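Trainee: Fold the following and give me the result.
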Amino acid sequence: GFVNPFKQQGLGAKAEAVITDIKETVRFIANNSRALVASVDNSLWGNQGIQVLFNPRFTKIWAKDFLKSFSDIYQSLKGNGDAVLDATKAEIYSRPNSLNGRYDGQGSGRRLDIGTGEEEFPTSLPSRLGEIPVIRKIPIVKNIFGAAGRIFKAAEVAYEAGAMRLRADVADKLYQMAEKTGVDLKDSVEVGSRNTLANSMTGRGFIGGSPSRGSLTNAVFFSVRFFKSQLDFLTAHAFDPKVSTSAKAQAAKNILYVISTTAVILGIAKALSDDPNYDPFDLISSDAGQIKIGNSRISIARYASIMVLITRILTQSSKSTTTGKVYKLGERDKKGQPKFGARTGLDVFWDFTENKFSPMFGILADLAKQQTFDRSKPTLANQTEAITTPMSIETAIELSKDKSNEALLDIILNGLNLSGFNVNTYPPKK
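Mentor: This is a model prediction of the structure:
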């Protein structure tokens, strides 16, 4: 926590206190801005949970838990959020696979991540703004912040309770499937491997150490464990020596199921689109893995951005989503010199990295290049908005500006975005 340097004895102790306070300030801003931006939605299901949805062997689990999440939200809005979390943990800890030690990994060092908190909600402070003494003295302000706090709490509870429930349900299914194929679950490595797989399938990649490890990295990047889970998915845990061969085979099957389901959906979207430049299967285009409706894109394959990055660098090319033109990276003029303004592989890599920044470090990037994502000049107003406005509200504002959509379509797109399907709307072509 924070340390008062004026109460410390000696110059060294005071300097150490100042350094500690700087670190805590950075962590405080990073954690609260990330929590605020991730709130006011029910986004687990189309984001971290999408692998479960698109794997036919687990879809029923996803549907059951998705519907349950609305009950969690309702109870939280009534002020029973903590009770929902406690009840969820109690139900999970009373399951046979918890009582027999499987969720704890049976000594493998790979436990199921239950009750360890979720990186999207590193703090609950925004839910308690109405309890701040100064605010409590002003009834109108107290009521406003109290209502906002309940909405934040509902999103937090829906996410955490949903993630725990989904993760445990997926693990139970994986244990069952393993036993049916003759895998010995008395072997702690096999149990730990299923836990690693269940964690990864629900957006919780393994980065080593305790569940809190990565907190400093998360001050820079928005969701490190989720990104790692996408890498795990694409590689089928091939580079993890503590995941058993049978679990890696299961992970490989997951790739086949998920990508096949995704391909069918994208194929239908492409067939119905009237845009000749739209190709969700082209891995040098940012449309890869996305459904295009009018000026909006719906991401249904979050791992596709990694595949696009790799493909662009390997082929040294990129495709415009508006014109369909393919551009070569690192183009040179007739004298063999780099063309002025030509994009390079490093530019592509930086764009990818910048898109993974936490809200706070996104601001630092904007200030460094003196340009925001929409190419406007950074100001106190737009930078404050960037770290305090929930993504769901930002998307709703973007959709409202697009007058080409009918009201029903706007409602559907907002609903998908609130459920985590990451809807991005771009200005209409002029």
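Trainee: Just give me the longest helix of this protein.
Mentor: Looking across the chain with DSSP state H, the single longest helix is helix 139-180.
Trainee: same for that helix, what does it pack against?
Mentor: Helices and strands touching helix 139-180, as assessed by 3 or more CB pairs under 8 Å, 6 or more residues apart in numbering; DSSP states H and E, comprise helix 11-37, helix 59-75, helix 81-93, helix 96-99, helix 133-136, helix 188-201, helix 245-272. Every C-beta, even on glycine, is put in place using the N, C-alpha and C of the backbone.
Trainee: Tell me which of those helices sits nearest to L309.
Mentor: helix 245-272 (17.4 Å; CB to CB).
Trainee: what are the phi and psi values for the residue of the chain most remote from its centre?
Mentor: Distance from the C-alpha centroid of the chain, by CA atoms, centre = their mean, peaks at K335 (45.0 Å). Per-residue torsions, K335: phi -90, psi 0 (degrees, to the nearest 10).
Trainee: Roughly how far does A178 sit from S244?
Mentor: 9 Å (CB to CB, to the nearest Å).
Trainee: Which neighbours do those two have in common?
Mentor: Residues touching both A178 and S244 (CB atoms under 8 Å, 6 or more residues apart in numbering) are E190.
Trainee: Now the phi/psi pair for the closest residue to S320 other than its chain neighbours, please.
Mentor: Leaving out its chain neighbours, the residue that sits closest to S320 by CB to CB, 6 or more residues apart in numbering is Y327, at 7.0 Å. With angles defined as degrees, to the nearest 10, Y327 sits at phi -110, psi 140.
Trainee: hmm, back to that, dump the helices and strands packed on helix 139-180 into TSV; add mean pLDDT and mean neighbour count as well.
Mentor: Listed next are the helices and strands packed on helix 139-180 as TSV, based on pLDDT from 0 to 100; neighbours: other CB atoms under 10 Å:
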stretch	mean pLDDT	mean neighbour count
helix 11-37	83	16
helix 59-75	97	16
helix 81-93	96	16
helix 96-99	97	14
helix 133-136	78	11
helix 188-201	97	26
helix 245-272	97	16
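Trainee: could you dump the ones you listed to TSV with distance to H237?
Mentor: Output for the helices and strands packed on helix 139-180, formatted as TSV (distance: least, CB to CB, whole Å):
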stretch	distance to H237
helix 11-37	27
helix 59-75	20
helix 81-93	24
helix 96-99	21
helix 133-136	47
helix 188-201	7
helix 245-272	5
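Trainee: Distance check, the nearest residue to V3 once chain neighbours are set aside against I29.
Mentor: Leaving aside its sequence neighbours, V3 sits nearest to A17 (CB to CB, 6+ apart; 4.1 Å). Counting by CB to CB, the gap from A17 to I29 is 19 Å.
Trainee: again, but for T235
Mentor: Counting by CB to CB, the gap from T235 to I29 is 34 Å.
Trainee: And for N414?
Mentor: 29 Å.
Trainee: about what we covered before: quick one: the longest helix of the chain to helix 11-37, angle?
Mentor: Angle between the axes of helix 139-180 and helix 11-37 is 80 degrees (criterion: axes from the mean of the first three to the mean of the last three CA atoms, to 10 degrees).
Trainee: Number the residues from 379 up from this point.
Mentor: Happy to do that; since the first residue is 379 now, the last one works out to helix 517-558.
Trainee: give the contact list for the residue nearest to F436 when sequence neighbours are not counted.
Mentor: Using CB to CB, 6+ apart and skipping the chain neighbours, the partner closest in space to F436 is V430 (4.6 Å). By CB under 8 Å, 6+ apart, the contact set of V430 is 436-437, 439-440, 544, 548, 579-580.
Trainee: As a markdown table, those with distance to R680 would be great.
Mentor: Listed next are those as a markdown table, based on distance: CB to CB, whole Å:
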| residue | distance to R680 |
| --- | --- |
| F436 | 17 |
| T437 | 18 |
| I439 | 19 |
| W440 | 15 |
| L544 | 16 |
| V548 | 17 |
| M579 | 13 |
| T580 | 13 |
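Trainee: Just the closest of those to S663, please.
Mentor: Taking the contacts of V430 together and measuring to S663 by CB to CB, the closest member is M579, at 27.1 Å.
Trainee: Leaving out the residues flanking it, which one is nearest to the closest one?
Mentor: Q429 (5.0 Å).
Trainee: how about low-confidence regions in the stretch 479-628 of the chain?
Mentor: 587-594 (pLDDT under 70).
Trainee: what's the burial count for K747?
Mentor: 9 (other CB atoms under 10 Å).
Trainee: any idea how far K755 is from it?
Mentor: From K747 to K755 the distance is 11 Å (CB to CB).
Trainee: same question, A666
Mentor: From A666 to K755 the distance is 31 Å (CB to CB).
Trainee: again with A597
Mentor: Applying CB to CB to A597 and K755 gives a distance of 26 Å.
Trainee: My read is that M738 contacts S411, right?
Mentor: Yes - the pair M738 and S411 qualifies as a contact (CB atoms under 8 Å) at a distance of 5.2 Å.
Trainee: residues shared between the contacts of these two?
Mentor: With CB under 8 Å, 6+ apart, M738 and S411 have common neighbours I765.
Trainee: quick one: contacts for the nearest residue to V548 once chain neighbours are set aside?
Mentor: Taking CB to CB, 6+ apart, and ignoring the residues beside it in sequence, V548 has A576 as its nearest neighbour in space, at 4.5 Å. Neighbouring residues of A576 by CB under 8 Å, 6+ apart: 490, 545, 548-549, 552.
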